[in-house]
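**Student:** Below: sequence and its predicted model.
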Amino acid sequence: MLEELAGQTSLKVQSPIRNQDGDFVTIIEHEGKRLNCSMLTWLEGGDLDKKDVTERS
C-alpha cells in the first residue's frame, strides 16, 4: 500500500525498501526467535507533542 501511495499520489509517505531478494519483509532469527523486519525511507519532520494533538468531543 505504501509503495502505491508513494508512486501514485502526491502524499508524502514513507516508501518500503526491498531486500536483496526483492521482498519487503526479511525474517531474521535472534535469541531463538524469528523476527519479521522491514525498512522504510525517512521522512523529514518533527516528533508530535501532546500540545500538537487536540481531543475530539
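**Tutor:** That came through, no problem. The model shown is predicted, which means the values in this text are computed figures rather than measured ones.
**Student:** What's the local residue count around residue 5?
**Tutor:** Residues near residue 5, counting by other Cβ atoms under 10 Å, number 14. Where you see a C-beta, it was placed from the backbone N, CA and C, and this is true even at glycine.
**Student:** For it, which residues are in contact?
**Tutor:** 11, 13 (Cβ atoms under 8 Å, 6 or more residues apart in numbering).
**Student:** what do you get for the one 10 residues further on?
**Tutor:** Shown in contact with residue 15 (Cβ under 8 Å, 6+ apart): 2, 3, 6, 40, 41.
**Student:** was I right about the last one contacting residue 14?
**Tutor:** Think residue 41. Yes: counting by Cβ atoms under 8 Å, residue 41 does reach residue 14; the two are 5.3 Å apart.
**Student:** Which parts of the protein are helices?
**Tutor:** 2-8 (DSSP state H).
**Student:** Confidence-wise, which helix or strand of the chain is lowest on average?
**Tutor:** The weakest-scoring helix or strand in the chain, judged by mean pLDDT, DSSP states H and E, is helix 2-8 (a mean of 85).
**Student:** residues near residue 1, how many?
**Tutor:** So residue 1, with other Cβ under 10 Å, has 7 neighbours.
**Student:** Tell me the confidence at it?
**Tutor:** pLDDT, residue 1: 88.
**Student:** How much space separates it from residue 49?
**Tutor:** Separation of residue 1 from residue 49 (Cβ to Cβ, to the nearest Å): 28 Å.
**Student:** buried sites along the least confident helix or strand of the chain?
**Tutor:** Residues of helix 2-8 classed as buried by neighbour count (16 or more other Cβ atoms under 10 Å): residue 6.
**Student:** Give me the below-cutoff pLDDT ranges for this protein.
**Tutor:** 57 (pLDDT under 70).
**Student:** any idea where the strands of the chain begin and end?
**Tutor:** Along the chain, counting by DSSP state E, strands occupy 16-17, 26-30, 33-37, 39-40.
**Student:** The second one vs strand 33-37, what angle?
**Tutor:** Same thing as strand 26-30. Put simply, strand 26-30 runs at 150 degrees to strand 33-37, going by axes from the mean of the first three to the mean of the last three Cα atoms, to 10 degrees.
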